[in-house]
Structure formats: structure tokens, C-alpha cells
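Novice: My questions concern the predicted model and sequence given below.
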Amino acid sequence: MSGVTTFLTRRRGGRSWHWTDIVSWLWLIGGLVIMFGPAVWLVGSSFKTPAQLAEFPPTILPYVSQQASVEGYDTPLPLYSVKLPDGSTRIMAELRRIGIVAQMVDPKAPKDIVKVNIADRQPVREIGFATGNYTEPFVHFDFLHYLRNSVFVTAMATLITLLTNSMAAFALSKYKFRGRDLTMLVIVGTLMVPLSVILVPLYSVVSAVGLLDSLWGVILPTVATPTGVFLLRQYMLTIPDELLDAARMDNASEWQIYWRIVLPLAAPALAVLAIFSVVWRWNDFLWPLVVLSRKELYTLQVGLNTYAGQLNVQWHYILAMTVVTMIPVVLVFVFLQRYITSGIAGTGLK
Amino acid sequence: MGRITLTDIDRAYGKVKILHGINLDVGDGEMLVLVGPSGCGKSTLLRLIAGLDRPTSGRIEIDGADVTEVSAAQRGLAMVFQSYALYPHMSVRQNLAFGLENIRMPKAEVDARITEAARMLEIAPYLDRRPGQLSGGQKQRVAIGRAVVRNPTAFLLDEPLSNLDAELRISTRAELAALHKRLATTMVYVTHDQVEAMTLADRIVVMRAGKIEQVGRPLDLYNAPANLFVAGFIGAPRMNLLQVKVRSASATEVAVEGPSGLAAVIAANGAALKSGDDATLGIRPHDVDLSPGGAGSVEAHVTLIEALGPETVVHATMAGDEKMVAVLNRQGLDAGDRKISLRLNPERMHLFDSAGLRVPSL
């Protein structure tokens, strides 16, 4: 414990607070609030009831009204803290509300009904979790279906991405042929073309080959990524050519050189690309939305959208399922952040 | 059998010509050493023999069969690389087995060959380690082992000792020589170190700028270098080369005169020389000795004395700023003795004409 205190109160130079210490603290706390605040709010709100979500001002934590069983009434009644005309405050249960007047009763003396202006009372609340937000979509909606589709799309797309990108990178890093640098330039150049630009032609292509409304239509157009080719090529350039020559002397075919020498040695870069690919495909929304129209094929991100109807948005479900869909990506970041940073450092990507 | 014949080999990268008309015949069981300064094309030549690279023109034959267009794998050769090129993700055993598995050799025979190679090269204790866990010398052995298990027609070695420290280099050199003796397989060995070449080779090929300067047995190259380049390259310390003028020349002897009163008569066929020609006189440092002065000796000014123990290296300057190095097989030369007289052994002199070619000795 003293170690933590020492760490937290560590200051620049001597014993007194330097202005940079204060600025650092403000900067770090500010950063924490900005980066982490929305996530905390999301998780907190995902446990709120629809009524509480609509409340203003919003709260970070989810609350539920306290209720009490009162003698002579079948259902539990909500408790309020009531300011009585004599100035005292009492906890009372509400029987019914008529206009701006509520009929309240003291749980200890259930016979006396008191009429109270609703402005003079505050609900008594405690922290409580509306776990139904989580269980309902699993039980009554197609959430598991969406989850399965998402897992399939992510896994297949990542596998194919790793295979095709590493093959392209192998050729572009280890073979010398005319137009190699130009090819690389063109591949990297496609980084500058956003999805929205090619959305319509891509849709036509996918439609023409009959992949519309199928999970393969979501998977295949996304597997060739310029980022992946670039990242793997840069890594493979560091694998000495003498190793490949040694393998050639060892009777290895070009495929064996790729499969048994280059691919295992590029494992760190492949891990980075796998992480990126999982995150990209898992979070993909626009392209699956365009391709998929049957509900049973929806991926999670598209599935979440079904809770937002034309007239009625079920925010409590959206929030809860957003938390669920975030979990895999968060886990990936928590456990593999070392590789992610090295990957970003290695490619100079955002 | 492992006879390799190269005919008129050229290799160019774009406009840059690396090799010019190489003709070479490597005999079966021979240890041939390609030696030359860096960039002379010796490694390129080795890669052409290996099949990792194709010649621009010319023909490569192994045991009489034209293999110019045959892939590296089909040539039946094994190569040891300068960086060892061990597969870092495989254990030593897997490294050795890789080439054999690729030709679908039965598992039992693979194991037998690995065991035999490991015993011979004393790498048995490390068979399950990764290359990253081995020292430089151990990696070197594994690299050689990977070549040995293949049982190749010929070994190609590309500066295999250059990454070892001086002491290990000497012991590994001796082991390589012993290995060659035992296997009696053709070896083509590339190095830039003339000591390695002298100690290992049956024959040495001296290369410069993509051309073969001289091919011959080590002592032939040492005793009768064909030109100034070979004379300067073979032997350490370098041969002293002095600018001289031909005073008289005949088919049996050539008389020359040079700086600091140097005058010598060399038994050589000087029929092509005439009086007044420029020439270069070569004398190895070991053939220079102190003299009491007088006729036949040259005067020099000592600039540095290196006492190595068994011998003393004297660096001196002669008139006309000609450098002279003498290796004396004794100790106790007075460091303060600034002026010395040197005697050059006329029987061990080499004479080169103005084009740098050797004037043949008698």
C-alpha cells in the first residue's frame, strides 16, 4: 500500500510540487475521463430500465426505486421520501397518483392515507441492475444467431486474410520481377480508397457472382487488405534471403519455402495482422448491412441495428448488447496489446 | 564423383558485369579455394555453381552433365552459408532433417544419417536445441552437418569461418581440413582470407574484378605468382614491391637497379625486356635480412619495429619513399637503430614487367 502511495505522490525533482506535476495529473485524469468515461457510462446505462434511460439529468449508475410490502395491499408499493406540511420528512409508500396529487401511506401505519403534492416527494432509490436487458435478447431475440454469424465471418475472414496476404507479401518481398515495386505501390495506394467510394461497384460485383445475402459475400470482399500485405511484406523483408537459399539447396519447393520457412518466421507479424483482422471484421457494420438482408444471416453489429425500429428504439437492449459485442474486442486488446503496439510501430499505421 | 566444369561463364546484373569469361575445372575430391578481395565475384561464382543464380552465358557441368539450367535442388550439391542460414524456428535435429525430408527419405535413414553426422561433428548434445541457443562455433558445426547429411556430390562453402573469432577460426579450419580428408568429397570454398586459402586448398583460384588471375597449388602461387596482384595478395605480410629499371636483359638473367643503391641480377628469362624498361621487383619480407652493409645491400630508415616473439617485423623506408618490410626470425633488434642495411636474397626475387606480369624464372 505504501508503495502505491509513493508511486502516486512521486514528484519531479525535490519535495515540493512542481507545476509540471500538477499539469501531468490534470492531463492524465482528463484523458482518463475522456477515454474511459463513455465506456463506463455505456456499461452503467446498459443495466438501466427504459424509464431510467429517459431520465434527465442522467446518472452514471443504474438505480431502481425501493419498494415495500404494505399490509392490506397485494403488490409491493414504491417508496418515496415525503416532505410533510409540518416540515418533517418521512418514508412513505405511494398507493396511487391522481393529477399532481399522490395518495401516500406510511408502511408502519397502513390505515392513514395522506395526500401529497408530487413536488414534495422524492423516490427512494437504491443501486439495482436491470439484468433483463442482457437475458431477454438471449432468450427471446436472435442474439445467439447473430453471435454465431459474427464468429463465423470473423474467423473465416481472418484465416483467409492471413493466407492471401502472406502469399502476396511473400511474392512481393522475396521474388524479384518486373513491376514488383509498382504492384506494391498500387496495393498500398488502395489504402486511400475508402469503402464508401467502392460500395456501389462492390455491391454489383457481389450481386453478379451471386453472393448477395450470404455470409461469404461479407467475408470475401474484405480479405485482401493493403494494410496486411504491407505489414507482412515489411516483416518478411527482414527474413534473410540466405535462409531461402539454404532451403532451396535443401530441395525445398517454393511452396515449402513459403509454408515451412517464411510463414513460421513471420509469425509475429501474422499475429498482429490476425488481431487487426479480428477487430476489423468483428466491428464491421456498413458492408454486412449492405450485403445481408435476411435476418437469420445478420452479424452482431447489424443485429444490434434491429433494436432501433422506425418508431421505437429499444435503447436498453442496444446498450446491453453493445457491451456484449465489445467484450471480445476488449479482451483482444487487453491480452494482446503488446503485439498491437509492435504492429502499429512496425507499419506506421494510425 | 564430383567433378565440376565451368566454361566461359559470364554474369551481369543489368549493365554491370560481375564475372568475365570464367573457365575452371574442379577435380573430383579436390578442395578448391576461391580467394580474392571483396566484390571480386567469388561468391557470385559459388552461387552460380550452386544453382541459386543463373549465368548470363556459359556452361556449368557436373560430372560431365550440363546442369546450367538445372535447379539448385536437382544438382545434388550442399552449401554452407556465411551466416550459417540455420532455420531459427527449428531444432538442430529438424534443421538437419529438413533437406532429407524434402526428398522423402525414409525416417529410419534420416535418423541414421543425423546420428552419424552429429557424432562426427560432436553436435549430438545440442540436437534438440534451437540455433538461437547455440554459440557461433556450434552453429557453424550444425551448418556443416546440414551439408554433410545430404551426402552431396560436392560441398560449396561461402566464407564459413568469417563469423568466428580468431582462435575458433584456426581450430575449425583444421577440422574442416580433416573433414575433407575423411569425406574425400569435392569442396569449393570461398574466402577472402589468404591464410585460409593457403592452409586448406589443394588448389587456389585467385580472383579479381570478375576474372581469374591465377590457378594453382598454394605453394606454386606463393613461389611463382603470375602477376603483381597475386604476388601482393598471397603471403603475409605482403610481398615488398619496388620500382626498378632494367639495366640489361638476356634469356638467362636480368640485371636491375632501384632505389637506395639497389642492384640485383635475377635468374630469369628476360628475352622480352630491354635495357631501360620499367619493371617491378618483388621480394617477400621473409627473404630480407640485415646485412653489415657494403656491396649488394640497400640502405633503409626504420619507421616501426614490431616484436612478435618468434620473429621481428621491421618497417622501413628506402630512398624515393619506397616501403620495405622485413621479417627477421630473431629478437632483440635495437629499437633505436634508425639506419639499417638490408640484404635482399637474389634467389628469392620475383620480377614483373611493366604490364605487371611475371618474368619467368629459370
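Specialist: Arrived safely. Note that the structure is predicted; figures quoted are calculated from it, not measured. Numbers count the residues shown, from 1 in each chain, chains lettered A, B, ... in the order given.

Novice: residue contacts, the closest residue to chain B within chain A?
Specialist: Nearest residue of chain A to chain B, counting by C-beta to the nearest C-beta: residue A:250, 3.3 Å away. The C-beta positions use only the backbone N, C-alpha and C, and glycine is treated the same way. Residue A:250 sits next to B:73, B:98-99, B:102, B:146, B:150 when contact means C-beta atoms under 8 Å, 6 or more residues apart in numbering or on different chains.

Novice: just checking, residue B:346 touches residue B:263?
Specialist: No - look at residue B:346 against residue B:263 with C-beta atoms under 8 Å: they stay out of range, at 10.0 Å.

Novice: counting contacts, what elements does the helix or strand where residue B:156 lies pack onto?
Specialist: Per DSSP states H and E: residue B:156 is located in strand B:154-158. Taking 3 or more C-beta pairs under 8 Å, 6 or more residues apart in numbering or on different chains; DSSP states H and E as contact, the helices and strands that strand B:154-158 lies on are helix B:42-50, strand B:77-80, strand B:186-191.

Novice: For my notes, please list those in a markdown table and give mean neighbour count for each entry.
Specialist: What follows is the helices and strands packed on strand B:154-158, written out as a markdown table (neighbours: other C-beta atoms under 10 Å in any protein chain shown):
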| stretch | mean neighbour count |
| --- | --- |
| helix B:42-50 | 23 |
| strand B:77-80 | 26 |
| strand B:186-191 | 26 |
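
Novice: closest one to residue A:114 among those?
Specialist: The closest of the helices and strands packed on strand B:154-158 to residue A:114 is strand B:77-80. By C-beta to C-beta, the value is 100.0 Å.

Novice: Neighbouring strands of that closest one in the sheet, and parallel or not?
Specialist: strand B:154-158 (parallel) (DSSP bridges).

Novice: CA atoms only for the strand it pairs with, dumped as PDB, please.
Specialist: Output of strand B:154-158 as PDB, limited to C-alpha atoms (Å, rounded to 0.1, in the frame of the first residue of the first chain):
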ATOM      1  CA  ALA B 154      30.200 -31.500 -53.700                       C
ATOM      2  CA  PHE B 155      30.300 -29.100 -50.900                       C
ATOM      3  CA  LEU B 156      30.100 -25.400 -51.500                       C
ATOM      4  CA  LEU B 157      31.300 -23.200 -48.600                       C
ATOM      5  CA  ASP B 158      30.800 -19.500 -48.600                       C
END
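
Novice: Over it, what's the mean pLDDT, rounded is fine.
Specialist: Across strand B:154-158, the average pLDDT comes to 93.

Novice: immediately after the helix or strand hosting residue B:342, which helix or strand?
Specialist: Under the criterion of DSSP H and E, residue B:342 resides in strand B:339-344. Using DSSP H and E, the next helix or strand after strand B:339-344 towards the C-terminus is strand B:350-352.

Novice: number of nearby residues for whichever residue of chain B sits closest to chain A?
Specialist: Among all residues of chain B, residue B:99 sits closest to chain A, at 3.3 Å; criterion: C-beta to the nearest C-beta. For residue B:99, the neighbour count with other C-beta atoms under 10 Å in any protein chain shown is 23.

Novice: Just the buried positions in stretch B:122-139, please.
Specialist: Of the residues in stretch B:122-139, B:123, B:126-127, B:130-131, B:134, B:137-139 count as buried by neighbour count, 16 or more other C-beta atoms under 10 Å in any protein chain shown.

Novice: do stretch A:284-293 as well
Specialist: For stretch A:284-293, by 16+ other C-beta under 10 Å, it's A:284, A:287-288, A:290-292.

Novice: contacting residues for residue A:187?
Specialist: A:168, A:172, A:226, A:229-230.

Novice: Let's have those in a markdown table, adding secondary structure.
Specialist: Below are the contacts of residue A:187 laid out as a markdown table (DSSP: H, G, I helix; E, B strand; the rest coil):
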| residue | secondary structure |
| --- | --- |
| A:168 | helix |
| A:172 | helix |
| A:226 | helix |
| A:229 | helix |
| A:230 | helix |
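
Novice: circling back: tell me the contacts of the residue of chain B closest to chain A?
Specialist: A:249-252, B:78, B:146, B:149-150.

Novice: Closest to residue A:100 out of those residues?
Specialist: Among the contacts of residue B:99, and counting by C-beta to C-beta, the member closest to residue A:100 is residue A:252, at 86.6 Å.

Novice: isn't the closest one right next to residue B:72, touching?
Specialist: No - Residue A:252 lies out of contact with residue B:72 (C-beta under 8 Å); the separation is 9.8 Å.

Novice: Just the endpoints, please. Distance across stretch A:126-140?
Specialist: End-to-end span of stretch A:126-140 (C-alpha to C-alpha, to the nearest Å): 28 Å.

Novice: got a list of contacts for that stretch?
Specialist: A:46-49, A:52, A:61-64, A:66, A:143-144, A:316-317, A:319-321, A:324.

Novice: The same query, at a cut-off of 10 Å, please.
Specialist: A:44-53, A:59, A:61-66, A:79, A:143-144, A:146-147, A:303-304, A:307, A:314-321, A:323-324 (C-beta atoms under 10 Å, 6 or more residues apart in numbering or on different chains).

Novice: Return the subset of those lying in strands.
Specialist: Counting by DSSP state E, these place A:63-65, A:79 in strands.

Novice: interface residues of the stretch 151-300 of chain B facing chain A?
Specialist: Within the stretch 151-300 of chain B, the residues that sit near chain A (C-beta under 10 Å from any C-beta of the partner chain) are B:152, B:156, B:158.

Novice: What parts of chain A come near chain B?
Specialist: Checking chain A against chain B by C-beta under 10 Å from any C-beta, the hits are A:239-253, A:256, A:260-261, A:263-265, A:267.
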